[in-house]
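A.B. asks: When you get a sec, could you give me coordinates for this:
(one chain, ligands or ions: 2)
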Amino acid sequence: MRRTIIITGGAGFIGSHVVRLFVEKYPEYRIINLDKLTYAGNLANLKDIENRPNYRFVKADICDFDTLFALMQEEQVNGIIHLAAESHVDRSIKDPFTFALTNVMGTLSLLQAAKLYWECLPEKWEGKRFYHISTDEVYGALELTNLEGGNEPGGGPFGDTFFTEETKYQPHSPYSAAKASSDHFVRAFHDTYGMPTIVTNCSNNYGPYQFPEKLIPLFINNIRNRKPLPVYGKGENVRDWLFVEDHARAIDLIFHKGKIADTYNIGGFNEWKNIDLIKVLIHTVDRLLGRREGEDLNLITYVTDRAGHDLRYAIDSSKLKNELGWEPSLQFEEGIEKTVRWYLDHQEWMDNVTSGDYQKYYEEMYSKR
Ligand code: NAD
Ligand code: TYD
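C.D. replies: Ligands and ions are numbered 1, 2, ... in the order given. Sure, this is the predicted structure:
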């Protein structure tokens, strides 16, 4: 069926990969990227596809119900993939209010606009999809019982428990509390009104175009510039890393084939202790820059731990594999090599982001049109 899809947060990290995938793979679809362009939104992430005939960018806030409703009517939208959010845990600790506003009230505005628009159509929910992208952080933290994590760093689980789709929600940070609340609202709109919703909860993503406040791009840039690497606590926290393009592929599959009202966990079975991952980053950057490998290990600087720092995340994504056949396509070593190369080759992108110049891109590209 012909789809007109609003992708919210399409100028951000994961959203830009999802927009690119849909614009390129489905020329018959109309893809509307709706984004407020907060500090995390960067239209330069989509430079390569911005002139495609099946793509439109709309600068708008997901909290602005009237604009959302009017856009859905104007474009006759029949699909929504919702990624827009405040996404950084450290910021949520400093400013929880903004996280509640965007992640909870913004999601609710989007749900309500879609409900009112779709409900009044003769065919109602038929052929519609509201797909909400969420995080594994809503499940809280797992125990870390195997400190070594298998034979190799990243080579095995750091404990025998995993987040499954049945795991109880137990968010700890203001970020995850707000995402958990938004997940509940999405499910409530299915259970109460029959809205065709899907929720997925994914582990930590990495890859090109990630804002350099998150561990991997921040540290690659710091190693390159020989700046200290602030490791929180002892660096023993464990995260399960997934290459962003694999997440985008999963979103494509689930948007088209996922069961309405269902939940899928997405993860790479790829756990890494922060300090081990950081050492891999140092070795890779050093090697690719022609430095002596490991020369920059002295940049590691242990700093005060993050408040409420979740110890371990690990996703069991076997439901997605068994039901829809999805698996990550990249081995971590390959993904990290690709990612480090990308940041080193795109220094201009990084410089524009760190200097704030990227925020002028919208004015230059779109205000003239
Ligand atoms: P990001 O911070 O890189 O991008 C967020 C985007 O949302 C930005 O373009 C920003 O401008 C936009 N936005 C923020 N507030 C908005 C508002 N009020 N109205 C419209 N647009 C707004 O985030 P990301 O890392 O790409 O994450 C995208 C989604 O995926 C989020 O919902 C996040 O919770 C979820 N997620 C992220 C990860 C991860 O590792 N990054 C893992 C699992 C789930
Ligand atoms: P981050 O990329 O912020 O993702 P999340 O908090 O959503 O998992 O952080 C990944 C891990 O790296 C997390 O355990 C916190 C840690 N970290 C540091 O040790 N130093 C840093 O400067 C940052 C940003 C994160």
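
A.B. asks: okay, CA-based contacts and neighbour counts for the rest of this
C.D. replies: Fine.

A.B. asks: all helices for the stretch 151-300 of the chain, in order.
C.D. replies: 174-193, 215-224, 244-257, 274-288 (DSSP state H, counting those that start in this stretch).

A.B. asks: and the stretch 201-350 of the chain, which of its residues are near ligand 1?
C.D. replies: 202-205, 211 (C-alpha under 6 Å from any ligand atom).

A.B. asks: And these, which of them are buried?
C.D. replies: 202-205, 211 (16 or more other C-alpha atoms under 10 Å).

A.B. asks: so who does the spatially closest residue to I300 that is not a sequence neighbour touch?
C.D. replies: Nearest non-adjacent residue to I300, counting by C-alpha to C-alpha, 6 or more residues apart in numbering: L229, 4.9 Å away. By C-alpha atoms under 8 Å, 6 or more residues apart in numbering, the contact set of L229 is 219, 222-223, 299-302.

A.B. asks: what's the closest of those to N78?
C.D. replies: Comparing the contacts of L229 against N78 with C-alpha to C-alpha places F219 closest, at 40.1 Å.

A.B. asks: So what's the residue count around the closest one?
C.D. replies: 25 (other C-alpha atoms under 10 Å).

A.B. asks: Quick check: it vs ligand 2, distance?
C.D. replies: Between F219 and ligand 2 the computed distance is 7 Å (C-alpha to the nearest ligand atom, to the nearest Å).

A.B. asks: Not counting its neighbours along the chain, what's nearest that residue?
C.D. replies: That would be L229: by C-alpha to C-alpha, 6+ apart, it lies 6.2 Å from F219.

A.B. asks: That neighbour and A307: what is the separation?
C.D. replies: 18 Å (C-alpha to C-alpha, to the nearest Å).

A.B. asks: One more: I278?
C.D. replies: Distance from I278 to A307, by C-alpha to C-alpha: 20 Å.

A.B. asks: if you count what's nearby, which of these two comes out ahead?
C.D. replies: Under the criterion of other C-alpha under 10 Å, the comparison of I278 against A307 puts I278 first, with 22 against 13.

A.B. asks: So the closest residue to that one other than its chain neighbours versus D191, what's the distance?
C.D. replies: Computed as C-alpha to C-alpha, 6+ apart, the closest residue to I278 that is not its neighbour in sequence is F219, at 7.6 Å. Noted for F219: a distance of 43 Å to D191, by C-alpha to C-alpha.

A.B. asks: same thing with A178?
C.D. replies: For A178, the distance to D191 - C-alpha to C-alpha - is 20 Å.

A.B. asks: neighbour count winner among these two?
C.D. replies: A178 (27 against 13).

A.B. asks: Go ahead and confirm N270 touches D240.
C.D. replies: Yes - contact criterion C-alpha atoms under 8 Å: N270 and D240 qualify, at 5.0 Å.

A.B. asks: Show me how far the helix or strand of the chain with the lowest mean pLDDT is from its chain's centre.
C.D. replies: Lowest by mean pLDDT, DSSP states H and E among the helices and strands of the chain is helix 360-366, with a mean of 74. Computed by C-alpha atoms, centre = their mean, to the nearest Å, the chain-centroid distance of helix 360-366 equals 24 Å.
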